[in-house]
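[1] here is a sequence with its predicted model. Questions after.
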Amino acid sequence: MNKKTTIYIIFILIISSLPFILGVQRSTMTLINTIVIYSIAALGFNILLGYSGQISLGHAAFMGLGAYISAYVTNTLPEMGGVEFIIGIFLAGLIPLVIGLILGLIALRLEGHYLAIATLGFGVAIQQVFKEWVAFTNGFSGMNASAINLFGTSLRSRESFYIFSLIILALLSIFSYNFIHSKIGRGLIAMRDSEHAAQAMGISIFKYKLIAFSVSAFYTGIAGGLYVHLIRFVEPNQWGVELSLNLLAMVVIGGLASIFGSILGAAFLTAIPEILKEIPVIGEIRNLSMILTGVLLIVVIMFMPQGIARLGIKIKFLFNKKTKEEKLKEEKVV
Amino acid sequence: MLKLQNIDAYYGFIHALKNININIKKGEIVTILGANGAGKTSTLKVISGLLKPQKGKIKFNNKSFNKYTPEKIVSEGIIQSPEGRQIFPELSVEENLKAGAYTRKDRNNIENSLEEVYNYFPILKERKKQYAGTLSGGEQQMLAIARALMAKPKILLLDEPSLGLAPIIVKEIFQIIKDINKEGTTVLLVEQNAYQALSIADYGYILETGKVVLEGNSKELLVNTDIKKAYLGGN
Amino acid sequence: MAIFFQNVIAGLETGSLYALAALGLVLIFRTSDVVNFAQGEMAMFSAFISFTLFDSFGFSYYLAVLGALVFALIFGFLVERIFIRPASNASLVSKMIITLGLIMIIGGLASAIFGIDSYYFRRAIDVDNIKVSGVVIQPNAIFIIALTMIITGILFYIINKTKLGIAIRATAQNEITARLMGIPVFKVYSFAWITATLLGALAGILIAPTTNVSTTMMGEVHLKSFIAAVLGGFGSFYGPVLGGLIIGVLDNLVGMYISLAWKTVIVYGLLIVILILKPTGLFGKTHRKKV
Amino acid sequence: MDILTIKNLSISFGGLKAVDNLSFNVEKNTIYGLIGPNGAGKTTVFNCISRFYNPDSGELKFFNNKEYNLLNYKTHQVIDKGLVRTFQNVELVKTMTVLENILIGLQTNTKGNIFSYGFRLPGAIKEEKRIRKKALNVIRFLGLKGKEHELAASQPYGIQKLIELGRTLVSDPSLIILDEPAAGMNSTETKELAKLIIRIRDELNITILLVEHDMSLVMDICEKICVINFGKKIAEGSPIEIQQNEEVQKAYLGGEIV
Amino acid sequence: ACGNDSSETSGEKELAQGVSEDNVKIGTVAVQSGPLSFIGAPYVAGMEAYFKTINKDGGVNGREIELLKKDDEFKPDKSVQAIESLIFDEEVFAVVGHLGTPGVVASEEIIKEEGIPSVYFGSGAASLTEAGENFFPVQPNYLYEGKLMSKFAVEEFNAEDVVVIYQNDDVGNDGLEGFKTGLDELDKKDILKAEIPFGASDTDFTVPIQKAKEQDPDLIIIYGLSTGAAGILKNMENAGMTDVDSLTTYSNADASFLEVAAPAAEKAIKNLHVMGWLEVTEESLQPLMDAMKEYYPDTPINSYTMAGWVAGETFVAGLKKAEDNLSWDGYIEAMNGLNYTEGLASEISYSEGEREGVTQMAVSEVVEENGSYQFKQMTDFMEFK
Ligand SMILES: Nc1ncnc2c1ncn2[C@@H]1O[C@H](COP(=O)(O)OP(=O)(O)OP(=O)(O)O)[C@@H](O)[C@H]1O
Ligand SMILES: Nc1ncnc2c1ncn2[C@@H]1O[C@H](COP(=O)(O)OP(=O)(O)OP(=O)(O)O)[C@@H](O)[C@H]1O
Ligand SMILES: [Mg+2]
Ligand SMILES: [Mg+2]
């Protein structure tokens, strides 16, 4: 284990124990939990957009799908001592993965704005399916779900949920880090930067687009599966264009092609509006928190066009000229 | 006519031009030579206003260009055929040429100019309705040069115009440069083909890692042994 | 048959509004490479302006519309200047996020200024309907369709036949080179944003009699205008217009003859199928990319 | 022995016949030049060989231990048959370092899937080490040592061309097709390039098919040259023969003999 | 969350969380920002206007009412957070007027677990009537309203060919469902000729109207919220369907709906009827009008405002009745005997195990008075029996 990994692990341990040390309130804990969940979704989305250069404005559908699947499975399977949750969360990832393949096939023929809007259409259509397919989703009335039940241990408390979801986030982050820094990641990035060169070098655009879409759908689906056991309710209206755009914003604000950026972005977009609402004067005036969130988004883009995660690198650069190449590299991303 | 005085320019942290002084007299052909990455393109970018120098002055007929935008500089009569051709891929060949004539006031003569450049490059006439992006590399290069010619500039900046052209066309290009120079256009020419460039130029500058290391009459430069070694492939 | 025509005409009417909005979108993303998610919000704001002029300031309808158009002109100009231009070097997706921010700002401001209520706003042509062999024809609908055609025609002419058009398309493809050719790209951007905002404002004012003037009035039109742009293909400027009309009519025909509840799924599914068959839209030109 | 045979190749765009019934063979372990006026169809031939374009008709055969009918393969499948190309406009992965760019050339030679890498299975780690070593060898061969962790896009044009060349070399090809490798180089650099190409042929036993307008390079290193115009072959032969061919003189060289 | 236990152990005077000698802290969760704020903003304003009126008169039994507002943007996750914040961080005495079905259903479990009184839901979720003793739903849910509509359709309109045009979301689907159940129970299934959905954000209502017209109905039920319902009416006018009776939901039972719908549907509007659960007379509305004018002059007064007002009324009625026994059990006990008739709603009553909320509704018709339109009650208040 090298120094960098050790630092990361210590960092993660500190972050993860912070809520306990500070003794935050239950509602804050819920907020933190949603941040963890959206981090997972954003991470998946970043693999697609940041690393593979493929856009999707329909990813909310995968998150919704994950939520419905897990709710459905845990609701319909008889009490099996926690096995139903495992099956549920597994399918919450797997089925979106398969549908992600379909989206990948669509993406094979489309690019840029066309892909963006086609996926947007896909998202809207799936959302409509959530509304109409009552047998599976219970339609507009929505569906309740139980708390996570891990082999008889119920993770009802916000704290236990936090630990559990954080472990999943960590595992998925490490997994992504590993495969991004390998042949697979290089293939994705090559496809993003120069499709022609990639093809000439033996990278099958077909295969890598499918990888990008299915992996990111998997992550997003898992996030949905966790979501439904935290909020314990799912209804169709949440999984629309707005959420898809939010995922996009998380990834861009946090930092494209940055795992840590995905998490920062999720935290930014989830927490900022809530924090703003709590500030006395701002909270009182209608929509002021919303307006300010919008302003903040724009400010971040203007002053940190590479995302918040890249800020650290900039600061590091000020102190250490040796990282020049690194900086250059960061600046050229996207 | 055009003067660069003590120019220093950066790309982020890369110091691309270091204290460059270049002087171009009216009616001349001036060439800039140098190895890869020496700063030739950057010099042209500075003149065109794409790269703003940190230090130094750019003067055109004693007017300071430092604050001018690229489009303003074009309307003053300086246009370039940029490195890498940079044609508009989804405009037709003819529309590309018309875009080159954007700042011209004498709209009526544009048709004539079109005929003129088609005369220089007949292949372009054949391809005039084709999307420029689908032209072959050399055809695109011709288009880029022709597009700049359409502006009828006072000073024409050419960044490696012979790149990717067949030998026979390369010859023609140099002939064209001579022709338009005779008609009164001042030319600043960046070339890898040092021998050819020096043969038609009046004056030359040699750049090395962002600095002018040598300048002089092209006749003198042609016989300079250092240059022969470095650029002309002679011994 | 009367029912069929009734649906087609109504589809053309709403489709025209999608088309106007889509034209605006396309103009912006062809020039400044921005997918303007805030187009609907901006249009809503302009519609509110015209309504306020009409309702609270006692302007006549046409004067109020004119006032709103003047407002839109300034509005479009300012948005480009203040929010878009400083980020002109940002990536495509970053610019998307800026317009997302704009949604929040403009939407938030609108409800802070105009309130959250909905208001009825009159039609542009308020005369009695004509009935032609069982089909009810609203003069207002004819007006909307005709207006769209005229505007499309004018834009088509500008884009394809004028110097400004070449400047616009050149800027769209390569801003830096466009500047190297002396094209004042910032004026082009301003032109695009102003025109787009005007088009959006028109769409908003004309849809108001159906959706009422409210902060949420443009949601559907906005979404459909995206779909229209892509369906028709934004390689050309008539593609999005035809796309808008097709969406408008298709929506009604699918609703009438297939299923209202599954209409959305069917129409969007069809969109995806069409795009797979024709990746640059129905009327987009495909050309092999050169390596 | 031939390594590549092209028979009656034709492709047209709209009404334009870019390649017209073209045939030529490239012999193993030679340096073969394809030249011709601008727009003659050279890059298009390359695009057909590397399967970016589908020819309208004709045969494309590649021999590497075995006979491959190239038309049966997709673009990305060509490289592991032993045939790889460079681009007329350098196509590097801009955000990657020099080393990473070269590793891209090993993409199909690398075992492992997303799971073995995601979970860092021992096999994957070993594989990654193996290919890095291989890439570093190529970097050394090209004289780019020390630059491996620099960003590819910030390198001067000449170096970028070398990196692209390295990316092809690392895949252990038996035929490389180069599209205007000397464009943008001055004569000294071109000379270096010529030496390098010969070394590639001699030391690595790689056959080279090349398109180039720089006659000093072509006449220097090519054993055989094919000249095309309007997509048709107008001459084929040794450099001397080509230089003396009148039609080539007229259409292409413009009377110049280098 | 210990208010519960403490009141049980020590005597009557023990106060639950959020209650002090001169203050009762309560909380509400409703959408305040974003596109749906047109529902939440007037709703909360109505509620707050009521509390301010009460406070101005010295509060309830000497205690002022302090209302904490949380914005959940109509999203279930934010709603859960908001509810948790109110119960556990702010420690409010009760939740009043939680708005929005997604949020209400998502946080049902927490409310149930904690046992905190939750009074009035801005939600048509039918499950609330069986959620538990600490739940006090008031406004009729859409299922019930739909059911009652069928009774009016049969008994008041003598309809034989009914078409339901419903908004394709929880509102319209529940309404339709209720209507069909009602018909079933009345054994009149065959009078329903067509069920036609429309989208809440549709921009073209031609198809639903064409489909309705094909049936040549004598009564059209328009089950949808303001914008959509107005769009339907305008299109009926255009299509010449101006002499068919129409009946719409109580959500549209306010003057502001008529203002939006009437101008382009001058003929169709005259045959419009609306369900109502509030006694909307000039006299009964006066206190609301006055309070709104004083505290929120810029906020529209519509059915949402009235709903908020009733939420306030209901909570305060219980508070008054509980007097000083302000533990959660004390309050629930007091509510269990409530029979409140002084407010906007005709009658609100609960008893143990009985959480139906308002079940009495009446139909109003549109009347025109020199160019301006109003609803006028036309039938008695009735229940579905
Ligand atoms: N956009 C850029 N960002 C960072 N560095 C750059 C950029 N453009 C050029 N440089 C660097 O500036 C220096 C000068 O480059 P320039 O393009 O002016 O050279 P040149 O003489 O035109 O070379 P060539 O013969 O390759 O065209 C080089 O070191 C190059 O790497
Ligand atoms: N995708 C395409 N669509 C239309 N025309 C094309 C396309 N690709 C190539 N062409 C045309 O085919 C002809 C041959 O092009 P090609 O690029 O093969 O020429 P080349 O021999 O490589 O020329 P150069 O030496 O200038 O690079 C050109 O005239 C070009 O305009
Ligand atoms: Mg250069
Ligand atoms: Mg070529």
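    Alright, I've got the coordinates. Ligands and ions are numbered 1, 2, ... in the order given.
[2] burial measure for C:Val8, as a count.
    Neighbours of C:Val8 under the rule other C-beta atoms under 10 Å in any protein chain shown: 19. From N, CA and C alone the C-beta is placed, and that goes for glycine too.
[3] so it, which state does it fall into?
    Taking DSSP: H, G, I helix; E, B strand; the rest coil as the rule, one finds C:Val8 in the helix state.
[4] check whether E:Phe205 really touches E:Asn235, as I assumed.
    Yes: in terms of C-beta atoms under 8 Å, E:Phe205 counts as a neighbour of E:Asn235; the distance is 4.1 Å.
[5] can you map out the strands along the chain?
    Just so you know, I chose chain A. A:143-144, A:148-150, A:153-155, A:233-234 (DSSP state E).
[6] try chain C instead
    So, for chain C - with DSSP E - the strands run C:130-132, C:135-137.
[7] outside of the first one itself, list whatever touches it.
    Meaning strand C:130-132. Residues outside strand C:130-132 that contact it (C-beta atoms under 8 Å, 6 or more residues apart in numbering or on different chains): C:Val136, C:Ile137, C:Gln138, C:Pro139.
[8] quick check: the residue of chain A found nearest ligand 4 vs C:Leu92, distance?
    With C-beta to the ion as the measure, A:His196 is the residue of chain A nearest to ligand 4, at 14.0 Å. Distance of A:His196 to C:Leu92, computed by C-beta to C-beta, to the nearest Å: 19 Å.
[9] more neighbours: which of those two?
    A:His196 (19 against 16).
[10] that one reaches D:Val93, doesn't it?
    No: with contact defined as C-beta under 8 Å, A:His196 does not reach D:Val93; the gap is 11.0 Å.
[11] can you show me the strands along the stretch 1-150 of chain D?
    Applying DSSP state E, counting those that start in this stretch to the stretch 1-150 of chain D gives strands spanning D:2-13, D:16-27, D:31-35, D:57-64, D:66-69, D:83-85.
[12] neighbours of the closest residue to A:Ile203 other than its chain neighbours, how many?
    With sequence-adjacent residues excluded and distances taken as C-beta to C-beta, 6 or more residues apart in numbering or on different chains, A:Ile203 is closest to A:Gly187, at 4.9 Å. For A:Gly187, the neighbour count with other C-beta under 10 Å is 27.
[13] let's see the pLDDT reported for A:Gly187.
    Here the pLDDT value assigned to A:Gly187 is 95.
[14] nearest to A:Leu210, out of the strands of the stretch 1-150 of chain D?
    strand D:83-85 (24.0 Å; C-beta to C-beta).
[15] secondary structure class of the residue most central in space within chain B, three-state.
    The residue lying closest to the centre of chain B (C-alpha atoms, centre = their mean) is B:Leu158, at 1.5 Å. For B:Leu158, the assignment made with three-state DSSP gives strand.
[16] bridging residues for it?
    B:Leu158 has the following beta-bridge partners by DSSP bridges: B:Ser81, B:Leu189.
[17] show me what residue of the stretch 151-258 of chain D gets nearest to chain E.
    Going by C-beta to the nearest C-beta, chain E is nearest to D:Leu151 of the stretch 151-258 of chain D, at 41.7 Å.
[18] thought that residue was touching D:Thr97?
    Yes: D:Leu151 lies in contact with D:Thr97 (C-beta under 8 Å); the separation is 5.9 Å.
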